[in-house]
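Q: Whatever this is, show me its structure:
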Amino acid sequence: MALKVAVQMDHINSIRIGGDTTFALCLEAQKRGHSLYHYTPDRLSMRDGVVSARVEELTVRDIEGDHYTLGEPLSRDLSEMDVVLLRQDPPFDMNYITTTHILERIHPKTLVVNDPAWVRNSPEKIFVTEFPDLMPETLITKDSQEIAAFRKEFGDIILKPLYGNGGAGVFHLADGDRNLTSLLEMFGQMFREPFIAQRYLKDVRAGDKRIILIDGEPVGAINRVPSETDARSNMHVGGRAEKTELTEREREICTRIGPSLRERGFILVGIDVIGDYMTEINVTSPTGIREVKRFGGADIAALFWDAVEAKRR
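A: Alright, predicted model coming up:
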């Protein structure tokens, strides 16, 4: 069953194909005979209730530096597509949120993955708070006195923007560090939203595990180890990926959250786990599937399209 698949993403000329999940999904879709159409969020439109995008037919190749060919731009009614992949990277700002409002108009007749309404209502650093017993102590606020009291209670803390991504703006404040006040002043100038403070987990030195779930079931994982000079393990900022297996505790976490993911129509999700604690549930454009396969794990792109095709039958 050949599908017409539109991919809303950052421009394909900007991606690093070796670790890009969207690219892996496109490769597998093409392998299955699906037609691919590429567009960036700024080419999404809605006129008189009709949702369209200026799309380009897309052909992909797993060749660094020569990984795609685009056809001529053409305006297409997205309700004529079978599937739209919502895959642009955060920040999760009003621009991002607006695209979810527009795409919600065509879902589920056109299957939008992940469900745009639930993506909008499930920011990754807030959604995780629905499972307080699975996560480290966490405070979301812009109140500097509350953050100072939280820091006094736990000593070492992590401070980060609520809607950041890729490790940007993440700070480890060790017990006794005198930079909290100036850091809060800087955050206040940079961000209108509240901040998030979490108890620092020393287990992060052994790695921050990314676990991928398809339709609420764990299908693979990688461990991301921070460099000696950084508190962050994100691969965007120098974290090193390594092969790993799921622990009993991690399987327990996946079992707990699986029903909620399925209820929200989240086909592809990545959760972050440090030690025994889940820190984020990523539903916007989770990454890591190429690394899982590279280390001998499951072909998650194939599992993804199995799930999507089952919903289109």
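Q: where does the chain dip in pLDDT?
A: Within the chain, the ranges that satisfy pLDDT under 70 run 229-238.
Q: my guess is residue 158 is in a strand, correct?
A: Yes: counting by DSSP: H, G, I helix; E, B strand; the rest coil, one finds residue 158 located in a strand.
Q: how close does it sit to residue 134?
A: Distance, residue 158 to residue 134, using Cβ to Cβ, to the nearest Å: 17 Å. In short, each C-beta sits where N, CA and C put it, glycine included.
Q: what does residue 145 give?
A: Counting by Cβ to Cβ, the gap from residue 145 to residue 134 is 28 Å.
Q: the more surrounded of those two?
A: residue 134 (20 against 8; other Cβ atoms under 10 Å).
Q: I'd say the more buried one and residue 277 touch.
A: Yes: under the criterion of Cβ atoms under 8 Å, residue 134 makes contact with residue 277 at 6.8 Å.
Q: hey, which helix is longest across this protein?
A: If you go by DSSP state H, the chain has its longest helix at helix 248-263.
Q: for it, packing partners?
A: Here helix 248-263 touches strand 208-214, strand 217-225, strand 268-274, strand 277-282, going by 3 or more Cβ pairs under 8 Å, 6 or more residues apart in numbering; DSSP states H and E.
Q: got a list of contacts for that helix?
A: Residues outside helix 248-263 that contact it (Cβ atoms under 8 Å, 6 or more residues apart in numbering) are 130-131, 134, 209, 211, 213, 215-218, 221, 246, 269, 271, 273, 276, 278, 281.
Q: Selecting buried members of those in ChimeraX, what would you type?
A: Of those, the buried ones go into a single ChimeraX selection, burial set by 16 or more other Cβ atoms under 10 Å:
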select :134,209,211,213,215,216,218,221,246,269,271,273,278,281
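Q: Identify each buried residue in stretch 198-212, please.
A: 198, 199, 200, 201, 204, 207, 208, 209, 210, 211, 212.
Q: Pull it out as CSV, backbone CA atoms only.
A: In CSV, the C-alpha atoms belonging to stretch 198-212 read as follows (Å, rounded to 0.1, in the frame of the first residue of the first chain):
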residue,chain,number,x,y,z
GLN,A,198,15.8,19.6,39.1
ARG,A,199,17.8,17.8,41.7
TYR,A,200,21.2,17.0,40.1
LEU,A,201,21.6,13.2,39.5
LYS,A,202,25.2,12.1,39.9
ASP,A,203,24.4,9.0,37.8
VAL,A,204,24.5,11.3,34.7
ARG,A,205,28.3,10.8,34.6
ALA,A,206,27.6,7.2,33.7
GLY,A,207,25.2,8.3,31.0
ASP,A,208,21.8,9.7,30.1
LYS,A,209,19.8,6.9,28.4
ARG,A,210,17.5,7.7,25.4
ILE,A,211,14.8,5.0,25.1
ILE,A,212,12.7,4.9,22.0
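Q: Distance from the chain centre to that stretch, please.
A: 17 Å (Cα atoms, centre = their mean, to the nearest Å).
Q: can you check stretch 73-89 too?
A: 19 Å.
Q: and that stretch, how far apart are its ends?
A: 22 Å (Cα to Cα, to the nearest Å).
Q: cool, stretch 135-151 as well?
A: End to end - Cα to Cα - stretch 135-151 spans 17 Å.
Q: quick one: contacts of it?
A: 125-126, 128-129, 132, 154, 157, 159, 162, 173, 180-181, 184, 188, 193-199, 201, 274, 277-279.
Q: go again using 7 Å as the cut-off
A: 128-129, 154, 157, 162, 173, 180, 184, 194-199, 201, 277-279 (Cβ atoms under 7 Å, 6 or more residues apart in numbering).
Q: Quick one: distance of the longest helix of the chain to the chain centre.
A: 17 Å.
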